[in-house]
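Engineer: I would like to see how this sequence folds:
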Amino acid sequence: MYGVYLLAFVAGSLLVFGINLLYVDIERERRKRLKEQIESEERMLVRERANVSVANRELYELAVATSGSSRHQTFQERLGLFFEQSGIQSSPLKIGTIALIAALVIGSLIWLLTSNWISTALIGLAGGLAPILYVINQRRRRLERLQQQLPDAFDLISRMMQAGRTFPQAMQTAARDSSAPLSQEFG
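Structural biologist: Next up, the predicted model:
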């Protein structure tokens with residue numbers, strides 16, 4: 001009699017153990033696929049950031065090329081540099097379009113509600129400035145983070161070069177081991 005109970009217990013234990021192994025294997029595969037998907041998305045995000053950076057840099061270089069030998073930066077140069085420093089992944093034209101649409105939509109809504117030209121103009125202007133203020137705030141925050149990260153990065157580069165690495169290798173290590181925005185700049 002005890003033999004049947006023991007056999008049932010062993011069979012039940014083996015069943016639970018087998019189900020657990022199956023679950024662990026399925027979970028491992030799911031995590032592996034998820035990890036591959038995340039890595040793929042990160043690679044795509046890095047490519048998109050590089051494309052946006054190239055687009056902003058091309059805008060900046062175009063402005064420099066059209067300015068000739070003038071020492072003063074043109075509006076296009078400053079705008080391209082400003083957007084590159086902000087880290088925003090949109091072009092100045094796109095942000096300008098969003099600002100214009102926001103101003104028109106908000107202004108229209110205020111006009112429909114109040115029929116007052118002064119409040120319509122002021123609130124519409126404020127709505128149009130919101131995307132521009134967002135870019136300004138992003139630039140300020142990114143530059144502050146960059147300034148906070150620079151001492152550690154310089155220390156890392158110094159230690160790498162003391163360890164016998166070349167300057168480009170030290171820069172690559174700083175780009176790989178740092179967090180954004182410093183890793184983006186060094187990269």
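
Engineer: check contacts around Pro181.
Structural biologist: Gly87, Arg142, Arg145, Leu146, Gln149 (Cβ atoms under 8 Å, 6 or more residues apart in numbering). Quick note: C-beta positions are derived from backbone N, CA and C, even for glycine.

Engineer: the second one: helix or strand, and which one exactly?
Structural biologist: What that stands for is Arg142. helix 117-162 (DSSP states H and E).

Engineer: helices and strands around the helix or strand following that helix, which ones?
Structural biologist: Using DSSP H and E, the helix or strand that follows helix 117-162 in sequence is helix 167-177. Where contact means 3 or more Cβ pairs under 8 Å, 6 or more residues apart in numbering; DSSP states H and E, helix 167-177 is packed against helix 117-162, helix 182-186.

Engineer: helix 167-177 versus helix 117-162: what angle between them?
Structural biologist: Computed by axes from the mean of the first three to the mean of the last three Cα atoms, to 10 degrees, the angle separating helix 167-177 from helix 117-162 equals 130 degrees.

Engineer: buried set for helix 167-177?
Structural biologist: Buried residues in helix 167-177, counted by 16 or more other Cβ atoms under 10 Å: Ala170, Met171, Thr173, Ala174.

Engineer: try stretch 93-111
Structural biologist: Counting neighbours by 16+ other Cβ under 10 Å, stretch 93-111 gives Ile95, Ile98, Ala99, Ala102, Ala103, Ile106, Gly107, Ile110, Trp111 as buried.

Engineer: could the residues you listed be laid out in TSV, adding distance to Asn137?
Structural biologist: Output for the buried residues of stretch 93-111, formatted as TSV (distance: Cβ to Cβ, whole Å):
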residue	distance to Asn137
Ile95	13
Ile98	15
Ala99	14
Ala102	16
Ala103	18
Ile106	19
Gly107	23
Ile110	24
Trp111	28
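
Engineer: closest to Gln76 out of the residues you listed?
Structural biologist: Ile95 (14.4 Å; Cβ to Cβ).

Engineer: ok, now which ones touch that closest one?
Structural biologist: Shown here is Ile95, whose contacts under the criterion Cβ under 8 Å, 6+ apart are Phe83, Ile88, Pro131, Ile132, Val135.

Engineer: low-confidence regions, the chain specifically.
Structural biologist: 50-71 (pLDDT under 70).

Engineer: and Lys94, how far is that from Glu84?
Structural biologist: Separation of Lys94 from Glu84 (Cβ to Cβ, to the nearest Å): 15 Å.

Engineer: gap between the longest helix seen in the chain and the chain center?
Structural biologist: Longest helix in the chain by number of residues (criterion: DSSP state H): helix 2-67. Averaged C-alpha coordinates place helix 2-67 at 19 Å from its chain's average position (Cα atoms, centre = their mean, to the nearest Å).

Engineer: what do you get for stretch 180-187?
Structural biologist: Its chain's C-alpha centre and that of stretch 180-187 lie 11 Å apart, by Cα atoms, centre = their mean.

Engineer: mind listing what's buried in it?
Structural biologist: For stretch 180-187, burial by neighbour count (16+ other Cβ under 10 Å) applies to Pro181, Leu182, Ser183, Gln184, Glu185, Phe186, Gly187.
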